[in-house]
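> Based on what follows, work out the 3D shape:
(one chain, ligands or ions: 3)
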Amino acid sequence: MTEPIGPIDASRVPRYAGIATFARLPRIEEVERADIAVVGVPFDSGVSFRPGARFGPSHVREASRLLRPYNPAQDVSPFAEAQVVDAGDIAVNPFDLQEAVQDVERAARDLSGRAQRIVTIGGDHTIALPLLRAVHALHGPVAVLHFDAHLDTWDTYFGAPITHGTPFRRASEEGLIDLTASCHVGTRGPLYAKQDLEDDERLGFSIVTSEFVEEHGVEAAIERMRARIGDRPLYISIDIDVLDPAHAPGTGTPEAGGLTSRELLRMVRSLADRDVVGADVVEVAPAYDHAQLTAVAASHVVYELVTLMAARIGRERAAG
Ligand SMILES: N=C(N)NCCCC(=O)O
Ligand SMILES: [Zn+2]
Ligand SMILES: [Zn+2]
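Ligands and ions are numbered 1, 2, ... in the order given. The predicted structure is shown next:
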């Protein structure tokens, strides 16, 4: 195997110079083969409140310029273990939701032919539905670990079945998710009715709430979520609003009382022994961000996800 092409060396070319790819990695067109692709979906036509997540991918890329090649928390150099690339943005129709989700699914399936694992930067949470459709086509029903302030298992808004509040309802109905092994983490805040929780439970999800984390601590929360997901192929969907608005103000539907970025990073790192087949980080809306707080958090979360995948690829390669 030829050595992976890593990021631009920040000791030779200042990290604030040049056009931003994720972590200053090569673009997919610049490599012969790729293992992991980071791809953007600049789309926010599914939001119920503040718009702006369509600008999320470029904002996260800008903040990701400061990432470095060695991840001490996982003791892994992700860009040396695997060829990680930036696959650019998926161009989707902002005026037609049905067509947009088809655009995302088609592009994700095409990209899966070039890179075995994909981390997507949203975009609003609507995109988890077509991304799960693409993952399902390859792996069958996957365990889903869903970090979010919200359940996102609501039925419809204004009669519309495809919105950022409904992706996991639709994905459950379509059989894309292994509902014996799926879990929301970090949910909190007001709901429409108690029925929302009953519906969610009936679909098959279990929940580790933000209040649980406060009461019992991060380690107990990690234990719960790991027991729930087992060791099946895992899809991780991270709505940045799982973080407290103090850590991630730049998002469309903020809720008080969320996780710290330190807690979220630790939870993600705890999955180093699992088979993460795909992931997304969504709902970064730069217009409400300050000092890149949200984008810095999101770029580090993407980095940890890439590290999980790269370490696994490295281990598989070493084992032959
Ligand atoms: N997926 C996110 N971020 N939010 C869903 C909120 C749906 C609502 O407005 O009730
Ligand atoms: Zn949310
Ligand atoms: Zn969400």
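> use CA for all of it now, contacts and neighbours both
Noted.
> Show me the beta-bridge partners of residue 281.
residue 121, residue 238 (DSSP bridges).
> Pull the contacting residues for it.
119, 120, 121, 122, 237, 238, 239, 240, 298, 301, 302 (CA atoms under 8 Å, 6 or more residues apart in numbering).
> Ligand 1: which of the residues you listed is nearest?
Taking CA to the nearest ligand atom as the measure, residue 239 is the one of those closest to ligand 1, at 6.3 Å.
> Quick check: the gap between that closest one and residue 98.
When CA to CA, to the nearest Å is applied, the distance between residue 239 and residue 98 equals 21 Å.
> More neighbours: which of these two?
Taking other CA atoms under 10 Å, residue 239 and residue 98 do not tie; residue 239 has more neighbours (24 against 11).
> give me the residue from the stretch 151-300 of the chain nearest ligand 1.
residue 165 (4.0 Å).
> Next, the residue lying closest to that residue once chain neighbours are set aside: secondary structure please.
Leaving aside its chain neighbours, residue 165 sits nearest to residue 152 (4.3 Å; criterion: CA to CA, 6 or more residues apart in numbering). When classified by DSSP: H, G, I helix; E, B strand; the rest coil, residue 152 comes out as coil.
> Check residue 309 too.
Under three-state DSSP, residue 309 falls in the helix class.
> Can you check the pLDDT for the closest residue to it other than its chain neighbours?
The spatially closest residue to residue 309, leaving aside those adjacent along the chain, is residue 276, at 6.2 Å (CA to CA, 6+ apart). Predicted confidence (pLDDT) for residue 276: 98.
> List the contacts of residue 276.
233, 234, 235, 236, 308, 309.
> Look up how far residue 271 lies from the first one.
Okay, so that is residue 233. 12 Å.
> Which parts of the protein are helices?
Taking DSSP state H, the helices of the chain run over residues 56-63, 78-81, 97-112, 128-139, 167-173, 195-203, 210-216, 218-229, 261-269, 293-319.
> who in this protein is up against ligand 3?
Applying CA under 5 Å from the ion, we find that the chain lies next to ligand 3 at 125, 239.
> at 8 Å instead, please
Residues of the chain lying near ligand 3 by CA under 8 Å from the ion: 124-125, 147-152, 164-165, 238-239, 241, 282-283.
> Across the sheet, point out what pairs with the residue nearest to residue 309.
residue 234.
> And the furthest pair within the contacts of residue 281?
Largest separation among these by CA to CA: 119 and 240, giving 14.3 Å.
> ok, these two, which is more surrounded?
Ranked by neighbour count (other CA under 10 Å), residue 119 and residue 240 place residue 240 first, with 33 against 26.
> so that one makes contact with residue 282?
Yes: counting by CA atoms under 8 Å, residue 282 is a contact partner of residue 240 at 6.1 Å.
> remind me which residues of the stretch 1-150 of the chain are low pLDDT?
The model of the stretch 1-150 of the chain has pLDDT under 70 over residues 1.
> 90 - rerun?
Judged by pLDDT under 90, the stretch 1-150 of the chain has its weakly predicted residues at 1-2.
> rewinding a little: based on its surroundings, how many neighbours for the residue of the stretch 151-300 of the chain closest to ligand 1?
22.
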